[in-house]
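Colleague: pasting the sequence and the predicted coordinates here, then a few questions.
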Amino acid sequence: MNQDTCIARLEGVHKRYGAVTALDGIDLTIHRGELLALLGPNGAGKTTSISLLLGLHRADSGTVSLFGRDPQDIDARRRIGVMLQSANLPPTLKVKELLRLTASYYPQPRSVAECAGLAGITDLLDRRYVALSGGQQRRVQFAMALAGHPELLFLDEPTVGMDITSRQALWASIRQLVASGASVVLTTHYLEEAEALADRVCVIAKGRVVSEGTVDALRAHVAVRRIRCITATPADTVAAWPEVDTVSLQQGRLNIATTQAEAVVRRLLAVDADLSELEVQRAGLAEAFTEITRDSEAADAAQEAA
Ligand SMILES: Nc1ncnc2c1ncn2[C@@H]1O[C@H](COP(=O)(O)OP(=O)(O)OP(=O)(O)O)[C@@H](O)[C@H]1O
């Protein structure tokens with residue numbers, strides 16, 4: 001992706017809250033048409049990064065831009081949609097009234113029906129927001145974020161509190177928006193959500209980006225692979241092989257973790273040619289994420305000790 005596709009950026013941004021360093025020189029670029037997932041442990045700086053891009057807070061130093069402008073510029077703000085972790089909405093209003101009100105802030109809004117259709121809340125339009133369940137309220141907030149026809153959508157942990165059906169419905173809507181050209185910044189603790197949706201993932205730790213790339217590229221960081229099979233070879237025998245990291249027996253299957261999958265598979269077949277249901281899997285994003293954040297903590301500790 002080249003410079004021309006950049007629609008929002010943090011460059012060398014520092015942000016402190018009193019004694020707490022929330023962002024420590026972060027560089028982050030959002031490109032047109034992509035879904036970028038921000039991952040990171042609690043307190044890593046994900047929400048702070050978003051709040052600077054939304055113009056809700058100011059950076060102490062560094063540059064923050066939204067569509068090439070200051071994020072507090074009204075013309076830039078009209079091009080975004082936002083779904084934050086918490087929303088204080090007028091409790092007496094019905095869902096359709098909330099959507100109408102939100103649409104009234106934008107020059108080229110979507111219709112109430114279109115927002116409701118995209119968010120799967122058509123059946124909730126006449127209900128009062130306050131009387132909805134937590135998951136239903138999140139879907140209404142999503143519909144509100146779409147009201148202004150945003151080019152860039154910020155979704156901060158959008159599916160917290162949703163059941164599996166609602167979560168998958170929301171994922172489908174997000175994919176539809178990206179396919180129609182919208183860009184999305186998504187923060188989530190659900191790694192399967194990032195895995196299902198993201199074109200690119202940025203892992204943030206202690207206010208900096210510690211790794212970024214496609215889901216596949218991040219997964220490739222993790223050398224460990226999982227082997228599963230049903231075999232007559234005892235787990236203790238396999239555990240003694242030098243290429244094997246860990247072994248467990250689960251529901252009659254051996255479950256082996258190793259960085260040398262081919263060597264282990266050769267050994268397994270050599271001792272039991274009749275083994276069955278052999279599977280070799282690369283690590284998921286969860287393992288990659290754990291490894292990346294652990295590496296960055298180890299690097300910090302080494303730097304502090306030096
Ligand atoms: N308004 C605030 N006042 C004081 N400290 C804050 C404030 N907002 C954030 N922080 C601190 O800044 C750091 C970064 O917080 P931030 O909310 O950006 O992290 P996060 O990655 O979004 O975390 P989470 O996954 O828990 O939502 C944390 O140490 C947090 O306690």
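Modeller: Thanks, I have the structure now. From a predicted model like this one, the values you see are computed outputs, not experimental measurements.
Colleague: in stretch 203-221, what's buried?
Modeller: For stretch 203-221, the neighbour count (16 or more other CB atoms under 10 Å) marks 203-212, 215, 218-219, 221 as buried. No exception for glycine: its C-beta is placed from N, CA and C like everyone else's.
Colleague: next, the distance between the ends of it.
Modeller: Distance across stretch 203-221, first residue to last, is 12 Å (CA to CA, to the nearest Å).
Colleague: now do the SS call for Ala143.
Modeller: Under the three-state scheme (DSSP: H, G, I helix; E, B strand; the rest coil), Ala143 adopts helix.
Colleague: could you count how many residues lie near it?
Modeller: Using other CB atoms under 10 Å, the number of residues around Ala143 comes to 28.
Colleague: ok, and the closest non-adjacent residue to it?
Modeller: Once flanking residues are discounted, Ala143 sits nearest to Ala119: 3.6 Å by CB to CB, 6 or more residues apart in numbering.
Colleague: now for this protein, the helix or strand with the poorest mean pLDDT.
Modeller: Scoring the helices and strands of the chain by mean pLDDT, DSSP states H and E places helix 285-305 at the bottom, with a mean of 76.
Colleague: for it, which helices and strands make contact with it?
Modeller: Helices and strands touching helix 285-305, by 3 or more CB pairs under 8 Å, 6 or more residues apart in numbering; DSSP states H and E, are helix 191-197, strand 200-205, strand 208-213, helix 215-219.
Colleague: with distance to the ligand and mean pLDDT added, can I get the ones you listed in JSON lines?
Modeller: Below are these laid out as JSON lines (distance: least, CB to the nearest ligand atom, whole Å; pLDDT from 0 to 100):
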{"stretch": "helix 191-197", "distance to the ligand": "13", "mean pLDDT": "90"}
{"stretch": "strand 200-205", "distance to the ligand": "6", "mean pLDDT": "92"}
{"stretch": "strand 208-213", "distance to the ligand": "12", "mean pLDDT": "91"}
{"stretch": "helix 215-219", "distance to the ligand": "17", "mean pLDDT": "83"}
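Colleague: for Ala299, which of those is the nearest?
Modeller: strand 208-213 (8.6 Å; CB to CB).
Colleague: give me the contacts around the least confident helix or strand of the chain.
Modeller: 39-41, 191-192, 194-195, 201, 203, 205-206, 210-211, 215, 218-219, 221-222, 224 (CB atoms under 8 Å, 6 or more residues apart in numbering).
Colleague: swap in stretch 68-83?
Modeller: Contacts of stretch 68-83 (CB under 8 Å, 6+ apart): 52-55, 64-67, 105-107, 138, 141-142, 144-148, 150-156, 158.
Colleague: end to end on that stretch, go ahead and measure it.
Modeller: End-to-end for stretch 68-83, by CA to CA: 22 Å.
Colleague: host element of Asp27?
Modeller: Asp27 is located in strand 20-31, with elements delineated by DSSP states H and E.
Colleague: average pLDDT for whichever helix or strand comes after that strand?
Modeller: Beyond strand 20-31 in the direction of the C-terminus, DSSP H and E gives the next helix or strand as strand 35-39. Across strand 35-39, the average pLDDT comes to 95.
Colleague: from the chain's centre, how far out does the very next helix or strand once past strand 35-39 sit?
Modeller: Next in sequence after strand 35-39, counting helices and strands by DSSP H and E, comes helix 46-53. Put simply, helix 46-53 sits 14 Å off its chain's centre (CA atoms, centre = their mean, to the nearest Å).
Colleague: can you state the direction angle for helix 46-53 and strand 208-213?
Modeller: 90 degrees (axes from the mean of the first three to the mean of the last three CA atoms, to 10 degrees).
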